[in-house]
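*Asks:* Sequence and predicted structure, then a few things I'm wondering about:
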Amino acid sequence: MTKTRFGGRFGWRSALVGIGSAILAMFITGTATAGLQEFRQPNALEKAYFGIAADLRLPELCAKISGDALNRVRKPTLVRSQCYYYVALNTRDTSHCTSVEPIPVGVGVMNWLTPERCELQVIRLQASDKPYLPSFDFRVVIDAMGYTATELDPWLNTDGRADWKSVSKAFASSEGTDRHRDFLRRLAALPDFNKVSRAEDQVLFYTKQQEDREFYWVLNHGMRLCLAGHGGPNCNEETYRLFRKGEADYKRYLARPRNAAEEAVKATVREEAAAPSESSGLREPSTADSAYYDLAVKTREADFCGKIGQDVAAVGWSVDPGLVFMPLRSVCLSALAVGSLDSALCRDVRSFDRPDIDGDGLSPAFCQRMVSGKETAVHKLTMRPQWRSILERIGYRESDIPPKISEGRESDLSWLLFADALMDPQNPDHEAFLDRMRDVPDQGETMSPDDGGRTLSVVDVQKLLYQFTVVRFHCSLNQSAGKYAFQGYTLKAPTDFSGAFKLIDHHGDPVTDRDFRGKYLMVYFGYTYCPDVCPTSLWTIAEALNKIGPLADQIQPVFISVDPERDTPEQLASYVELYHPSLIGLTGTAEAIRKAAKAYQAYYFVGQVDGEYVVDHTSWTYLLGPDGKAITHFDHGIEVDDLAGRLTDILRGKS
């Protein structure tokens, strides 16, 4: 496809040189006093303090984190400030927000965490009981607290190591005991990194090379995006006028009294949180729905799947491709199909065919691939209901539970084991039990409201889908040992990607995938308002293409926006010129973009969450051959030289 591209290489370079010279002069004169080299990366214990403080609501541990520790994940943030922020979120106490400090000027422009931001988030989440817990290496903490294997024996895993959650729950909950007092004493005795000098911890301080790379990113992308209005409330022209004047003025700007506009925003957030939300038409599983699922899987009787309500959503972690929000009835049928190797059961498997729900879901074809072993089965989730309420409703009494089951056990566990015994085909009461369950009306109509089945609001669904996408986003950034993992969730690498799409380019012209045949196609999904990940990836692509010289003529780079509401062709045109003259921006209808993303195994979310318009997405770069077939993908964070080398090898037929 041949068209005149927006902008040229000379104009792009000249613009950067002009802006770069002005800002470089500012740095040379010393007005931006806090460079990245003045900060250090947090050590494992400081990260653990962050996690413990959030988990146990202990702000005093935040004070042990060095004021120099700067976290460079996604957005630059002082780790100690993050610690107080998470304590505030988990205690719903805004007083901790006064200890939050913005990063000093000069380190990075995306200064997202301020006392005001902290307070606003706490207000938004007042009605939520969700804990916000960062990940950390719990083994480091246990070792540092000096516990011996003998002391930890009851909580040791099969690998001989203790799990922090079980230890902290047992020790911290035993208030008033010697064990609890000893636990607090050991926590208090943990090292204090607040006074660590550069000489003591030189290895963790950021290098000149890291600072240069960060500065280059701020110059080329952060500054320009910010001045274009894409950086949020702390990123505007007033900020930069103060930025140029010096750190003292910038601090006064951040410390200014709250104005009427800020108070109005907080009032709006409170009103929205209190207002009833529209129903999504879906509900959580009731105790009865869960019982039917449990019964169907254990007895392999598909009729019990049919008793599950059609509007019941199964919500939980699963394996790729992220099948975490599915009709429970279809989950039940596909679990039976996989367990019995009966692909005929797949015929009635359906996904939620709704535009507001993630485009991935169960389908007859995917179910059949699981049965054949071509896909990993997604049914890792065991739904064990409170069987007591079900069994009592169909006529069973506690006196019916055999003594060998109930003796020495708490009541709920006895009922659960009794249900398992009744589901055993060898049990003489098995058939009578099944007959009683078959007589229970569909969808748990005889169950009381206490048995669950809460209706999900539109807001509930949006929050769930956003959380799933955030996990996928982090997975796509965290590649290790050939897997993409984040806090126990694993995402498969994109493999068989490619497919037909019909979109609109940044000139406003219709484009299909076939228009790019004959060239290698390099695809990245993102959005123009992205503060950090997208600019970093696009800059890497642009520099790699510049580095390989004439070979780059064989490659067509494409940026597909996942945010069509804001990313119009005009918006894309002004954005893509910042990076490379051959970069094409694509947008389209929400349905067309969803179809394209699904073909490339890319995941994203766009919508309202807690009163904010948010976007998140996975961050892979895809390479397809001139025939439109997948060749490989590149991870986020790949170095320019590595990307250029791999592209050169592919174009020259070496790999």
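*Replies:* Received, thanks.
*Asks:* Tell me where the model's unsure across the stretch 501-650 of the chain.
*Replies:* Applying pLDDT under 70 to the stretch 501-650 of the chain picks out residues 531-532, 610-612.
*Asks:* ok, which stretches of it are helices?
*Replies:* 533-547, 569-576, 590-599, 640-651 (DSSP state H, counting those that start in this stretch).
*Asks:* For the stretch 201-350 of the chain, give me the ranges with low pLDDT.
*Replies:* 208-276, 316-324.
*Asks:* How about the secondary structure of the residue sitting nearest the centre point of the chain?
*Replies:* The centre of the chain sits closest to residue 470, judged by C-alpha atoms, centre = their mean, with a distance of 1.7 Å. Following DSSP: H, G, I helix; E, B strand; the rest coil, residue 470 is assigned to helix.
*Asks:* how near is it to residue 118?
*Replies:* 19 Å (C-beta to C-beta, to the nearest Å). C-betas here are computed from N, CA, C, even on glycine.
*Asks:* what residues are up against the residue nearest to the centre of the chain?
*Replies:* 605, 616 (C-beta atoms under 8 Å, 6 or more residues apart in numbering).
*Asks:* How confident was the prediction at it?
*Replies:* As predicted, residue 470 sits at a pLDDT of 77.
*Asks:* thinking again about what came up before, of all the helices of the stretch 501-650 of the chain, which one is nearest residue 332?
*Replies:* Closest approach to residue 332 among those (C-beta to C-beta): helix 590-599, 24.2 Å.
*Asks:* pull the CA atoms of the closest one into PDB?
*Replies:* Extracted in PDB, the C-alpha atoms of helix 590-599 (Å, rounded to 0.1, in the frame of the first residue of the first chain):
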ATOM      1  CA  ALA A 590     -15.000  -0.900  18.900                       C
ATOM      2  CA  GLU A 591     -16.200  -4.200  17.300                       C
ATOM      3  CA  ALA A 592     -13.500  -4.100  14.600                       C
ATOM      4  CA  ILE A 593     -10.700  -3.400  17.000                       C
ATOM      5  CA  ARG A 594     -11.900  -6.200  19.300                       C
ATOM      6  CA  LYS A 595     -11.800  -8.600  16.400                       C
ATOM      7  CA  ALA A 596      -8.300  -7.500  15.400                       C
ATOM      8  CA  ALA A 597      -7.000  -7.800  19.000                       C
ATOM      9  CA  LYS A 598      -8.500 -11.200  19.400                       C
ATOM     10  CA  ALA A 599      -6.800 -12.400  16.200                       C
END
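*Asks:* Any chance you could list what contacts that helix?
*Replies:* For helix 590-599, contacts defined as C-beta under 8 Å, 6+ apart pick out 355, 359-360, 497-503, 525, 560-562, 564-565, 587-588, 603-604, 606.
*Asks:* mind running it again at 10 Å?
*Replies:* 321, 355-356, 358-360, 496-504, 513, 523, 525, 560-565, 567, 586-589, 602-604, 606, 617-618, 622 (C-beta atoms under 10 Å, 6 or more residues apart in numbering).
*Asks:* Just list whatever residues bridge to residue 630.
*Replies:* residue 624 (DSSP bridges).
*Asks:* follow-up on the earlier one: which of the contacts of helix 590-599 count as buried?
*Replies:* 321, 358-360, 497-498, 501, 503-504, 513, 523, 525, 560-564, 567, 586-588, 602-604, 606, 617-618, 622 (16 or more other C-beta atoms under 10 Å).
*Asks:* so the residue located most distally from the centre of the chain, which of the three states?
*Replies:* Distance from the centre of the chain peaks at residue 428, with 48.7 Å (C-alpha atoms, centre = their mean). Here residue 428 is recorded as coil under three-state DSSP.
*Asks:* distance of it from residue 395?
*Replies:* Separation of residue 428 from residue 395 (C-beta to C-beta): 17 Å.
*Asks:* and if you look at residue 595?
*Replies:* For residue 595, the distance to residue 395 - C-beta to C-beta - is 51 Å.
*Asks:* same question, residue 624
*Replies:* Going from residue 624 to residue 395 by C-beta to C-beta gives 62 Å.
*Asks:* Of these two, which one has the most company?
*Replies:* Ranked by neighbour count (other C-beta atoms under 10 Å), residue 624 and residue 395 place residue 624 first, with 24 against 10.
*Asks:* you'd agree that one is up against residue 630?
*Replies:* Yes. Between residue 624 and residue 630 there is a contact under C-beta atoms under 10 Å: 5.8 Å.
*Asks:* Need the overlap of contacts for these two.
*Replies:* Shared contacts of residue 624 and residue 630, defined by C-beta under 10 Å, 6+ apart, comprise 497-498, 600.
*Asks:* Give the burial count for residue 302, as a bare number.
*Replies:* Neighbour count for residue 302, taken as other C-beta under 10 Å: 17.
*Asks:* coming back round to it: dump the helices of the stretch 501-650 of the chain into a markdown table; add mean neighbour count and distance to residue 37 as well.
*Replies:* Formatted as a markdown table, the helices of the stretch 501-650 of the chain follow (neighbours: other C-beta atoms under 10 Å; distance: least, C-beta to C-beta, whole Å):
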| stretch | mean neighbour count | distance to residue 37 |
| --- | --- | --- |
| helix 533-547 | 21 | 20 |
| helix 569-576 | 20 | 31 |
| helix 590-599 | 18 | 39 |
| helix 640-651 | 17 | 22 |
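*Asks:* Turn these into CSV, including distance to residue 188.
*Replies:* Converted to CSV, the helices of the stretch 501-650 of the chain look like this (distance: least, C-beta to C-beta, whole Å):
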stretch, distance to residue 188
helix 533-547, 39
helix 569-576, 51
helix 590-599, 49
helix 640-651, 45
